[in-house]
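> Need a 3D model of the following:
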Amino acid sequence: MHLVQILLPLADNQGRPLPRKHFAAIQRELTKRFSGLTAYSRAPAEGHWRPRKETKREEIIVYEVMDSAFDVRWWRRYRRRLEGLFRQESVIIRAQQTEIL
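The predicted structure is shown next:
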């Protein structure tokens, strides 16, 4: 079993808010595919990174699913699709092997 987290920004690289319908569609799609989803959306998390001398900041939402048939190729294609949809240079999707207790 893998725990997969998707970190999505609430705005594009120019600071324009992203359409809420994109987030709703992702929630529906992941819930259908993985039979459930956790969305950390009440108080958006903050992402900070320093690509050059200036530190960048953005608000993000985190979606989390449990994937029992983890397919890294599928997740890489999905990441590229999200990058286009959310107008991002890079979307972070991270996975870790986990055990349900």
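> all helices for the protein, in order.
Taking DSSP state H to define them, one finds helices in the chain at 20-34, 72-85.
> Where does pLDDT dip in the chain?
Segments of the chain classed as low confidence (criterion: pLDDT under 70) are 42-52, 55-56.
> let's go with 90 and repeat that
11-15, 40-60, 87, 89 (pLDDT under 90).
> can you pull out the strands in it?
If you assign secondary structure with DSSP state E, the strands in the chain sit at 2-9, 38-49, 56-67, 92-97.
> Could you list the paired strands of the first one along with their orientation?
The partner list of strand 2-9 in its sheet, established with DSSP bridges, is strand 56-67 (antiparallel), strand 92-97 (antiparallel).
> How far does it sit from its chain's centre?
4 Å (Cα atoms, centre = their mean, to the nearest Å).
> in it, what's buried?
Judged by neighbour count using 16 or more other Cβ atoms under 10 Å, the buried positions of strand 2-9 are 2, 3, 4, 6, 7, 8, 9. C-beta coordinates here come from the backbone N, C-alpha and C atoms, glycine included.
> could the strands paired with strand 2-9 go into a markdown table alongside mean neighbour count?
A markdown table is the format used below for the strands paired with strand 2-9 (neighbours: other Cβ atoms under 10 Å):
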| stretch | mean neighbour count |
| --- | --- |
| strand 56-67 | 16 |
| strand 92-97 | 12 |
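> okay if I get these as JSON lines plus distance to residue 21?
As requested, the strands paired with strand 2-9 are exported to JSON lines (distance: least, Cβ to Cβ, whole Å):
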{"stretch": "strand 56-67", "distance to residue 21": "14"}
{"stretch": "strand 92-97", "distance to residue 21": "21"}
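> most distant residue from the middle of this structure?
When distances are taken from the C-alpha mean of the chain, residue 53 lies farthest, 25.9 Å away, according to Cα atoms, centre = their mean.
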